[in-house]
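In: Build me a model from this:
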Amino acid sequence: MKFETKTIHGGQHHEPMTGAVMPPVFQTSTYAQVTPGKPVGDYEYSRAANPTRTALEDALASIENGTKGLAFSSGLAATDCLLRSLKAGDEVIAMDDLYGGTYRLFTRIYKDSGIKFHFVDMNDMAAFTSLLNANTKLVWVETPTNPLMKVADIRAIADVLKGRNILFAVDNTFATPALQRPLDLGADIVMHSATKYLGGHSDVIAGALIIKDAALAEQLHFQQFATGATLGPMDSYLVLRGIKTLHLRMERHCENGAKVAEYLSKHPKVKTVYFPGLESHPYHAIAKKQMSGFGGMVSFTFASGAKADATTFLEKLKVFTLAESLGGVESLANHPALMTHASIPEDKRKENGITDDLVRLSVGVEHIDDLLADLEQAFG
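Out: Numbering: from 1, shown residues only. This next block holds a predicted model:
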């Protein structure tokens, strides 16, 4: 089954009682039992499983070519569930450029857990491999990264980890399975902030894990059930509905993102454009190898290097909305240092290249002429 068909039909079945084409929203907390310990059907309590969430999880597994999907109340809840598999003394190697919330979870929530986190440029394979040791239990990668659009070679990392007892997880939020499928490239787990492109309409907070190995999937499902960070039925329905148009939306996101990046790369007030589709991008060759498109996320800095210029630009936008988040049909603009990555210490931000004049754009599906005109007037 081709990907475009999977987004609509993958793992999905008509509702058996009525023949409903879309799964109903099963807004229930519990399910009747015929005798103690024997439910009428397959469900006992909605923290463990809910038919609407199951439909979403089956769709997630299908589009990422995984064994099982798990739907969470947020992307961070999904990440936290995976981290609960670790114990004191274990070590994690993570990409140096990460979403601010992930960095905060790693360095503040788990700081007293006894788990050691290393942050490294995953394109420096020598630096990465030097950190591997008997205590390494998880490698965590974003690709492309948030907000600097670094691209890690998923297959190369998987090859290094082959034969070791180390889990390899990839945050695939920016690319989505429409453009990149990490499990096919050797990863063990895929994470999504389903709030973003999977939902696609800025109307839900959700997260997902998709797992390759069946035994690991059951372990993570138990951890999700035992800790309770599950996605509700209405939110599950909204993400499932969003997935059905993912392939269509990503085509326009990619098309508009490339045109915005090209426009910015030629603008006299712009210094650097971060977009993996540009041949000038340092990891363009890797992106071209493992992605079928380059997405709708574009970051850039100002030639002046001035924070005030970034702030003024963002305040003047009219079609782009100044807001947190990304991946919706509408175009959004963000100042990482003051918004999504403010939880990362200033010295660490600067070390990673997140400067005060950096702007991140989530390029939506509007007409490109309107988007370019909005950018032009904001620069004026």
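In: For the chain, just list every one of the strands.
Out: 33-35, 38-39, 68-72, 91-95, 116-120, 136-142, 167-171, 189-193, 207-211, 270-274, 297-302, 321-322, 332-334, 359-362 (DSSP state E).
In: so where's the stretch 151-300 of the chain uncertain?
Out: Under the criterion of pLDDT under 70, none of the stretch 151-300 of the chain is flagged as low confidence.
In: Could you identify the longest helix within the chain?
Out: Identified as the longest helix of the chain according to DSSP state H is helix 246-265.
In: by contact count, what packs against that helix?
Out: Under the contact criterion of 3 or more Cβ pairs under 8 Å, 6 or more residues apart in numbering; DSSP states H and E, helix 246-265 touches helix 3-9, strand 270-274, strand 297-302, helix 368-379. Quick note: C-beta positions are derived from backbone N, CA and C, even for glycine.
In: now those as CSV including mean neighbour count and distance to Val319?
Out: Compiled in CSV, those are given as follows (neighbours: other Cβ atoms under 10 Å; distance: least, Cβ to Cβ, whole Å):
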stretch, mean neighbour count, distance to Val319
helix 3-9, 16, 27
strand 270-274, 18, 18
strand 297-302, 24, 15
helix 368-379, 16, 4
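In: my read: Met297 touches Gly257, true?
Out: Yes - in this structure, Met297 is within contact of Gly257 by Cβ atoms under 8 Å, at 6.7 Å.
In: where do the contact lists of those two overlap?
Out: Taking Cβ atoms under 8 Å, 6 or more residues apart in numbering as the criterion, Met297 and Gly257 both touch 275, 363.
In: hmm, back to that, what does the longest helix of the chain contact?
Out: 3-4, 7, 63, 176-179, 197-198, 200, 270, 273, 275, 277-278, 280, 293-298, 300, 329, 361, 363-366, 368, 371-372, 375.
In: How about stretch 42-60?
Out: With Cβ under 8 Å, 6+ apart as the test, stretch 42-60 has contacts from 7, 10-12, 23-26, 28-31, 33, 66, 68-71, 192, 198, 208, 210, 225, 228, 230-234, 236-237, 239-240, 243.
In: then it to PDB, C-alphas only?
Out: The C-alpha trace of stretch 42-60 is given here as PDB (Å, rounded to 0.1, in the frame of the first residue of the first chain):
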ATOM      1  CA  ASP A  42     -11.900  -5.900  24.200                       C
ATOM      2  CA  TYR A  43     -11.900  -2.800  26.400                       C
ATOM      3  CA  GLU A  44     -12.000  -2.400  30.200                       C
ATOM      4  CA  TYR A  45     -10.900   1.100  31.100                       C
ATOM      5  CA  SER A  46     -10.000   4.000  28.800                       C
ATOM      6  CA  ARG A  47      -6.600   4.700  30.400                       C
ATOM      7  CA  ALA A  48      -5.600   1.300  29.100                       C
ATOM      8  CA  ALA A  49      -7.200   1.500  25.700                       C
ATOM      9  CA  ASN A  50     -10.100   3.400  24.000                       C
ATOM     10  CA  PRO A  51     -11.400   2.400  20.500                       C
ATOM     11  CA  THR A  52     -10.900   5.900  19.100                       C
ATOM     12  CA  ARG A  53      -7.300   6.000  20.400                       C
ATOM     13  CA  THR A  54      -6.700   2.500  19.100                       C
ATOM     14  CA  ALA A  55      -7.800   3.700  15.600                       C
ATOM     15  CA  LEU A  56      -5.200   6.500  15.800                       C
ATOM     16  CA  GLU A  57      -2.500   4.200  17.100                       C
ATOM     17  CA  ASP A  58      -3.100   1.700  14.300                       C
ATOM     18  CA  ALA A  59      -2.900   4.500  11.800                       C
ATOM     19  CA  LEU A  60       0.400   5.800  13.400                       C
END
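In: Next, name the residue at the spatial heart of this protein.
Out: Note on the chain: the residue nearest the mean C-alpha position is Thr173, at 1.9 Å, using Cα atoms, centre = their mean.
In: buried stuff in stretch 254-263?
Out: Within stretch 254-263, the residues that count as buried by 16 or more other Cβ atoms under 10 Å are 254, 256-261, 263.
In: whoops, stretch 81-91 was the one
Out: For stretch 81-91, a neighbour-count test (16+ other Cβ under 10 Å) marks 81-84, 86, 90-91 as buried.
In: which among these gets closest to Thr312?
Out: Checking the buried residues of stretch 81-91 against Thr312 by Cβ to Cβ gives Leu83 as the nearest, at 39.6 Å.
In: The closest one and Arg155, how far apart?
Out: From Leu83 across to Arg155, the span is 25 Å (Cβ to Cβ, to the nearest Å).
In: next one: Thr355
Out: 31 Å.
In: now do Ala78
Out: Distance of Ala78 to Arg155, given as Cβ to Cβ: 23 Å.
In: Counting neighbours around each, name which of those two comes out higher.
Out: Between Ala78 and Arg155, Ala78 has the larger neighbour count (other Cβ atoms under 10 Å), namely 29 against 15.
In: My understanding was that the more buried one contacts Gly207; is that so?
Out: Yes - between Ala78 and Gly207 there is a contact under Cβ under 8 Å: 3.6 Å.
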